[in-house]
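> Next comes the sequence, and after it the predicted model I'd like to discuss.
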Amino acid sequence: MGVEVFLKIVEGLPEVARAEGHPTLSGFRVRGKGFCYLDEAEETIMLKALREEQEALVSEDPEVFSPSWSAGRFAWVNIDLTRVDPEELAELVTEGWRLSAPKRLAATVPAPDV
């Protein structure tokens, strides 16, 4: 697992744009709303999630997931791309995208099986 697999997942989602505005992070947006940030050198991502999801992931596997910042009902989670299961990563990235995508666009991609 690594950056290449992550990029294949995220770039396969509709209307994703990559933004290079930070010295070490690449941002991923859907219709102008950020949902994921990649640190290629560290092989990690910071992904948008619900607070409950962040807490569950971190308690489930702290070697793969760690908490990042939170605001409102969202809490971002750091994910180690070298340790995460590819299927779980695909589900999490899709769900992060759905949290930022407009409802009609989000409806074009099935919700991940959890």
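Yep, that arrived. Numbering: from 1, shown residues only.

> which stretches of this structure have low pLDDT?
Low-confidence segments of the chain, defined by pLDDT under 70: 1, 111-114.

> all helices of the chain, in order?
3-11, 51-60, 86-100, 103-106 (DSSP state H).

> now do the same end-to-end measure for stretch 54-66.
8 Å (CA to CA, to the nearest Å).

> Equivalent analysis for stretch 58-65, please.
5 Å.

> quick one: buried residues of it?
The neighbour-count check on stretch 58-65 (16 or more other CB atoms under 10 Å) flags Val58, Asp61, Val64, Phe65 as buried. C-beta coordinates here come from the backbone N, C-alpha and C atoms, glycine included.

> What of stretch 3-14?
Val3, Phe6, Leu7, Ile9, Val10, Leu13.

> Pull the number of nearby residues for the residue lying closest to Ser70 once chain neighbours are set aside.
Nearest-residue entry for Ser70: Arg51, 6.2 Å, with adjacent residues in sequence omitted and distances by CB to CB, 6 or more residues apart in numbering. Per other CB atoms under 10 Å, the neighbour tally for Arg51 reads 14.
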